[in-house]
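Enquirer: Sequence plus predicted model, see below.
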Amino acid sequence: MKLTFIGGGNMAIAILGGLMQRGYRGQDVLVIEPDADKRQQLQQDWQVNVAEPGTAIPASDIIVLAVKPQQMRGVAEALAPQIGSALVISIAAGIKLETLGRWLGGHGRLVRVMPNTPALVQAGISGALASAGATDADRRQAEAILAAIGDVVWVDKESELDGITAISGSGPAYVFYFIEALQAAARAQGFNQDTARKLAYQTFAGAIKLAMNSSDDAETLRHKVTSKGGTTERAINALETSQVRATIIAAASAAAARSRELGEELGRDPQE
Ligand SMILES: NC(=O)C1=CN([C@@H]2O[C@H](COP(=O)(O)OP(=O)(O)OC[C@H]3O[C@@H](n4cnc5c(N)ncnc54)[C@H](O)[C@@H]3O)[C@@H](O)[C@H]2O)C=CC1
Ligand SMILES: O=C(O)[C@@H]1CCC=N1
């Protein structure tokens, strides 16, 4: 399968890294990327083909659009005459299928995907929405790529993809934020940087492994840590007093709203 990535930034690297570890061959991949250092790194790491924007795109089975949402219109309009029979996958936050199809000159075989960076270690989760013009074979091809880098959830509404963006697309950042905070807490207890990191990382890794291997839900597992009148109860009370749970829900809601807003803002026809 010939794959072309337009944009070789953080998310493209995460997807490519996951695919390479699953045995995809660098020689079957082309990455179009303006930054010479990134092109060199991509070539060095995975022996993929690289080229600058403006280079003619060779026949591809799948073209993955991995540029920022704000760059997508220019990229899609330049790509339109060269798509051929490729399936186009966009990973951009917010950009709707209808908008993308318009920018691509009416190309109808599209899948809008929201992946996340744990794709790099094949532990990603992606949301996917196929356009009305995508065939069953297109869905299977998109699924094959996404399954190589983690789990896939198919949805049938753009709004659900905005929700997935807010939960699992942006979600790794929320988790890293919590890890940073736990590390800072360990430092405040007097531990050095190395020990603070070890305590925070292994607590996360251990709790996730326990949760994923347990028939108990997260709330039950939390209660099993929380002794009546003990230390955890005091900490959870502090979290509740500060409305941390409500804040996390509000944060995800803000992310979903931004995804919708990007879709409206960037999808507007300049003539309107
Ligand atoms: N970073 C993340 O966790 C996730 C990002 N996304 C989406 O992935 C897309 C890319 O995001 P990141 O990788 O984080 O951004 P990034 O800035 O790391 O990568 C974008 C790349 O596109 C390149 N680029 C700019 N103009 C170009 C052009 N004309 N042709 C080809 N390449 C060009 C840039 O040099 C850059 O390397 C965005 O649309 C974002 O919404 C989706 C899910 C998660
Ligand atoms: O922050 C962003 O806009 C992108 C989409 C999801 C994760 N990163």
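Expert: Yes, it's here. Ligands and ions are numbered 1, 2, ... in the order given.

Enquirer: and the residue of the stretch 101-250 of the chain found nearest ligand 2, how many neighbours does it have?
Expert: Closest residue of the stretch 101-250 of the chain to ligand 2, Cβ to the nearest ligand atom: G169 (3.4 Å). Every C-beta, even on glycine, is put in place using the N, C-alpha and C of the backbone. Around G169 there are 26 other residues, counting by other Cβ atoms under 10 Å.

Enquirer: pretty sure it contacts P115?
Expert: Yes: with contact defined as Cβ atoms under 8 Å, G169 counts as touching P115 (7.3 Å).

Enquirer: Test my guess that Q21 contacts Q122.
Expert: Yes: in this structure Q21 lies within contact range of Q122 using Cβ under 8 Å: 6.4 Å.

Enquirer: Pretty sure L146 sits in a helix.
Expert: Yes: when DSSP: H, G, I helix; E, B strand; the rest coil is applied, L146 is found to be in a helix.

Enquirer: so how far is V175 from it?
Expert: Separation of L146 from V175 (Cβ to Cβ, to the nearest Å): 20 Å.

Enquirer: Between the two, tell me which one has more neighbours.
Expert: Taking neighbours as other Cβ under 10 Å, L146 and V175 compare with L146 leading, 25 against 12.

Enquirer: wait, what's in contact with the more buried one?
Expert: With contact set as Cβ atoms under 8 Å, 6 or more residues apart in numbering, L146 has these partners: V113, P115, G124, S126, A128, V152.

Enquirer: pLDDT score for it?
Expert: As predicted, L146 sits at a pLDDT of 95.

Enquirer: now the one 4 residues further on
Expert: Reported pLDDT at G150 in the predicted model: 96.

Enquirer: can you check L30 too?
Expert: L30 is assigned a predicted lDDT (pLDDT) of 97.

Enquirer: okay, now it: neighbour count?
Expert: For L30, the neighbour count with other Cβ under 10 Å is 20.

Enquirer: so where does it fall, helix or strand?
Expert: Using DSSP states H and E, L30 falls within strand 29-32.

Enquirer: What residues sit buried inside that strand?
Expert: Residues V29, L30, V31, I32 are the ones in strand 29-32 that count as buried (16 or more other Cβ atoms under 10 Å).

Enquirer: Point out the residues in the stretch 101-250 of the chain that sit beside ligand 1.
Expert: Contacts of the stretch 101-250 of the chain with ligand 1, taken as Cβ under 6 Å from any ligand atom, map to M114, P115, N116, T117, G169.
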